[in-house]
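Colleague: Give me the fold of what follows.
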Amino acid sequence: MNVDGHPLSSEIYLTGFSHNHSPLDSPACSSDLSSLLEHTLAFSFPHEEIYKNLLLVPSLCDENDVFPSVKPSKNFDFNVYIQSYIGYTQIERLLLIGETCPSLRDPTRRFTLQLLQQSENVFLYKKLMDRPLFSDMEFDGNWILEKEKEACLIIGNLENENSIYKSKMDKKKVYEIQCKLGQAHYKYGNFTDALQAFSNARESCSTPQELFEVNLECAFISIQLQNFDYVSNSIGYLAQSQCLEPNIASKLKSWAALAMLYYKNYRLAVVKFLEIPTSHYNAQIFSDVLSVQDLITYICVLSLAESDRREISDLLGNANFRSQLESLPHIHALLTSFYNLQYNSFIQLLDQISNDLRFDLYMHRHIHTLSKKIYSKALLQYLSPYECADLRTMGQSFGVDPAYLEKQIAWLINDGALMARIDSCNKLIYTHKSNERMKTYSTTLKTGDGFRRNTVSTLVRISLTHYNSCPK
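Modeller: Residues are numbered from 1 along each chain as shown. The predicted structure follows:
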C-alpha cells in the first residue's frame, strides 16, 4: 500500500508465462498457502466438504493420502452392492468396507465370517484373527481344526496320486491331479499354492483347450492376488488362442483394463473397458471380479479424467451404452452435467461418487488422483472460452468462495496445466490464448522445409547412382 492507502499494483501470478520464482515456489510460502487455505475453508459456502475432498494443492493433499473413515452417500445401497459379486471378491470388498466405513463395520464383519465358513476358506479365516477389525469377534476354533484336517487329507492324497502318476509318465492323469490340487488349494484359501499347482499343470497339457483353461485359471487367481504382472502375461497368450469364446474375450478385456488401472495407465484402461461390447454387460460374465455397475462407473469416471469433450459426446451419443448408463442415474447425471457445463451440480455428484468409490476394491487407490484430474479439467473447461474471467462469477458457477478458487487456479498455473495470470486485487484471471494462425503458418513452413530437404536428398542419391553406374 502507498501512503494514501491505495494498492501500488495488483498481485499477479505469472507462473504460466515465466519460470521466475513465483509465490507458490518458496518453502515459506508453501506453509503460508496451507494456512491460507485452512482459513479459506473456514468460510461458509455451499460445497465446503466437497472441496476438502477435491483439494488440489499438493502441500495439503496427496495421492497417497489415506481416508480412514468414509461415510457412504445416499446412492450407496450396501445390500445391493455386495450381492452384485460372488466368491472371493465379495469377501475382499466386505473387508475394505468394514475397514473404511465405521457405520457398516458390524454387518460387514458378521457377513464376512459367515461367507468364509460357507466357502470353507480356512486360510483367510485364520488370518482375520490377527486383523484389528476382528479383534473383538469370536472365531470358531473347532471349525478351523476340522477344515485344516480336511484340507491336509485331501491335498495330501492328491500329492501322493500326483507322485504315482508322474512315475508312470501318465501326462493325462498328472494334468487332472494338478488341476484338482489347484482347485483344492483355492477352495481352502491358499491362492499362492493354487497358482503354483495350475502353473505346474501346463507341463502336462496335451491339447490347446487344456492349456487355455490352465492359463485362464492362472490369470483368474492372479487377479485375486492382484499380481497384475502375471495377469498381463497370461492375457497376452489367452487373447491369441483359438479356444477363445466371446464371453471369455470380454472378461479378459476387463482384466486387462484392471491391469492398466493398477499401473495408473488410465487412458489405456478406459480404451480396454470400451472394447467390451455392451451386449456382454452381464453379471454372469463379470461378477467373480467386477459388477456391471462397476464397469459402467469405471468407464464414465476414467473418461471424465482422460477423454476430451468430443469423446465424451460420442459416449453419451452411443445408444447401446446410454441404455446401460441410464440404469445408474447418478453416473448418467455426472457425465451429462459435465458435458452441459452445469458445474455446481457436477461437483456435488463428483463428491458423492468419489466417496463411494473409496469402497471399491480396484478404484479406491486411484479415485483421489482421478477426482483431482476431473476437477482440474472442469476448471480448464470453464476458462477455455475466455481471455479474461471473473473469479467471483466463476465461484458462483462452482459454488465456492472466490478466494478458495483463486488458490486452485494458482496451483494449476504453477503446475503448468494453465497458461494464465491472476489479478488478485480485482479478482480476474487473464488466460493466454495461442495464435492459431501463426501456429498454422509455422507448421506450413516446417513442412515445406522438410519437403525441400527430402527432394534435395533424393536428387543427390539419383546423381550418385547415375555416377556410379557410368564406366570410368
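
Colleague: Pop the domain breakdown of the protein in here.
Modeller: Domain ranges of the chain: 12-71+387-431, 78-139, 435-472, per automatic domain parsing.

Colleague: Check which residues of the shortest one are buried.
Modeller: For domain 435-472, burial by neighbour count (16 or more other Cβ atoms under 10 Å) applies to no residue. Yep, even glycine has a C-beta here, placed from its N, CA and C like the rest.

Colleague: mind showing which ranges of the stretch 151-300 of the chain have poor pLDDT?
Modeller: For the stretch 151-300 of the chain, applying pLDDT under 70 flags no range at all.

Colleague: got the contact list for Cys388?
Modeller: Leu428, Ile429, Tyr430, Thr431 (Cβ atoms under 8 Å, 6 or more residues apart in numbering).

Colleague: Now do the same contact list for the third one.
Modeller: The neighbourhood of Tyr430, defined by Cβ under 8 Å, 6+ apart, consists of Glu387, Cys388, Ala420, Arg421, Ile422, Asp423.

Colleague: So what sits opposite the fifth one in the bridge?
Modeller: Beta-bridge pairing of Ile422 under DSSP bridges involves Tyr13, Ile429.

Colleague: With the second one instead?
Modeller: According to DSSP bridges, the partner residues bridging Cys388 are Tyr430.

Colleague: Which of the residues in stretch 388-402 are classified as buried?
Modeller: Ala389, Leu391, Met394, Gly395, Phe398, Gly399, Val400, Asp401, Pro402.

Colleague: still on that earlier bit, quick one: which of the contacts of Tyr430 is nearest Leu302?
Modeller: Ala420 (27.0 Å; Cβ to Cβ).

Colleague: Spatially nearest residue to that closest one (excluding sequence neighbours)?
Modeller: Thr431 (4.4 Å; Cβ to Cβ, 6 or more residues apart in numbering).

Colleague: lowest-confidence stretch among the domains of the chain?
Modeller: Mean pLDDT is lowest for domain 12-71+387-431 out of the domains of the chain, coming in at a mean of 60.

Colleague: Backbone dihedrals for Ala420, please?
Modeller: phi -160, psi 170 (degrees, to the nearest 10).

Colleague: so Arg105 touches Gly98, yeah?
Modeller: Yes: if you go by Cβ atoms under 8 Å, Arg105 and Gly98 touch, sitting 5.2 Å apart.

Colleague: what's the overlap in contacts for these two?
Modeller: Leu133.

Colleague: For the two, indicate the residue with more neighbours.
Modeller: With neighbours defined as other Cβ atoms under 10 Å, Arg105 and Gly98 compare such that Gly98 has more, 22 against 14.

Colleague: Unless I misread the structure, the more buried one falls within a strand.
Modeller: No: Gly98 is assigned helix when assessed by DSSP: H, G, I helix; E, B strand; the rest coil, not a strand.

Colleague: oh, and call the first residue 34 from now on, that's how I've got it
Modeller: Okay, using 34 as the starting number, the last item reads as Gly131.

Colleague: If I follow the layout properly, it ends up in contact with Leu137?
Modeller: Yes: at 6.8 Å, Gly131 and Leu137 qualify as touching, with contact defined as Cβ under 8 Å.

Colleague: Narrow the contacts of Tyr463 to those that are buried.
Modeller: By 16+ other Cβ under 10 Å, these give Ala453, Arg454, Ile455, Asp456 as buried.

Colleague: quick one: the first one from His313, how far?
Modeller: What that stands for is Ala453. According to Cβ to Cβ, to the nearest Å, Ala453 stands 44 Å off from His313.

Colleague: ok, now the second one?
Modeller: When distances are taken as Cβ to Cβ, Arg454 and His313 turn out to be 50 Å apart.

Colleague: what do you get for Asn154?
Modeller: 29 Å.

Colleague: now do Tyr296
Modeller: Taking Cβ to Cβ, one finds Tyr296 at 24 Å from His313.

Colleague: Pick out whichever of these two has more residues nearby.
Modeller: His313 (18 against 13).

Colleague: what about the more buried one, distance to Ser336?
Modeller: Relative to Ser336, and taking Cβ to Cβ, His313 is found at 19 Å.

Colleague: Could you do Leu258 as well?
Modeller: Counting by Cβ to Cβ, the gap from Leu258 to Ser336 is 29 Å.

Colleague: cool, and Leu127?
Modeller: Relative to Ser336, and taking Cβ to Cβ, Leu127 is found at 29 Å.

Colleague: With Asn377 instead?
Modeller: With Cβ to Cβ as the criterion, Asn377 and Ser336 are 21 Å apart.

Colleague: Counting neighbours, go ahead and name the busier of those two.
Modeller: More neighbours surround Ser336 than the other of Asn377 and Ser336, with 23 against 15 (other Cβ under 10 Å).

Colleague: Find the helix or strand that the more buried one is a member of.
Modeller: helix 325-339 (DSSP states H and E).

Colleague: residue ranges for the strands of the stretch 284-433 of the chain, please.
Modeller: 421-423 (DSSP state E, counting those that start in this stretch).

Colleague: Distance check, the closest residue to Ile188 other than its chain neighbours against Ser255.
Modeller: Counting by Cβ to Cβ, 6+ apart, Ile188 lies nearest to Ala217, which is 5.4 Å off, once chain neighbours are set aside. Relative to Ser255, Ala217 is positioned 18 Å away (Cβ to Cβ).

Colleague: what's the answer for Ile364, then?
Modeller: 29 Å.

Colleague: just Lys406 next, same as before
Modeller: 28 Å.

Colleague: who has more neighbours, the two?
Modeller: Neighbours per residue (other Cβ under 10 Å) separate Lys406 from Ser255, with Ser255 holding more: 22 against 19.
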